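A.B. asks: here are the coordinates; sequence isn't available:
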């Protein structure tokens, strides 16, 4: 646009205009070519030094997350317990995921003892000790009977809702 105005106004001739365009082109093309050469050199150096850099870096660490193997191959007992929880809590589908997280659908540990958490939660429903007296008063053996533990879990749910369990998240 500027070059057309200069030509039309008679301030510059056609030959001078072409020379001006050539100078502008040479000025910026040298920069573009120089930048392209610089990128090529950097790329070459990265490829050349990549094996050396890999040797000096520490080996990648394993992820701190290790999936539980029980998820991959649940036992028949766990599958049966899952179906039982899904039936008892048919009106609360989130309970299936919550019980899976809390106890992995187990009433007993590997040694056959009642499953007890570090926070004194027991059994498949992980009934906290604050509810043990009530379970005893109702003659529910939440330690040795899975059915009684689930019954007490239903009672706790009716009183406190799903938020009584630590594994519950508001997004489930």
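C.D. replies: Alright, I've got the coordinates. Predicted model only: the values in this text are computed from it and were never measured.
A.B. asks: Quick one: residues in contact with stretch 120-139.
C.D. replies: Counting contacts by CB atoms under 8 Å, 6 or more residues apart in numbering, the residues outside stretch 120-139 that touch it are 81, 85, 99, 102-103, 105-107, 114-117, 119, 141-143, 146, 148-150, 152-153, 155-156, 164-165. All C-beta atoms are positioned from the backbone trio N, CA, C, and that covers glycine.
A.B. asks: hmm, which of those are the buried ones?
C.D. replies: 81, 85, 99, 102-103, 105-107, 114-115, 142-143, 146, 148-150, 152-153, 155-156, 164-165 (16 or more other CB atoms under 10 Å).
A.B. asks: Filter these down to the ones in helices?
C.D. replies: Secondary structure assignment by DSSP state H places 81, 85, 99, 102-103, 146, 148-150, 152-153, 155-156 of the buried ones among the contacts of stretch 120-139 in helices.
A.B. asks: low pLDDT regions in the chain?
C.D. replies: 1-30, 32, 53, 57-73, 169-172 (pLDDT under 70).
A.B. asks: quick one, helices of it?
C.D. replies: Taking DSSP H as the test, the helices found in the chain are 2-9, 14-56, 69-72, 76-88, 94-103, 132-137, 146-160.
A.B. asks: residue contacts, residue 84?
C.D. replies: Here residue 84 is in contact with 146, 150 (criterion: CB under 8 Å, 6+ apart).
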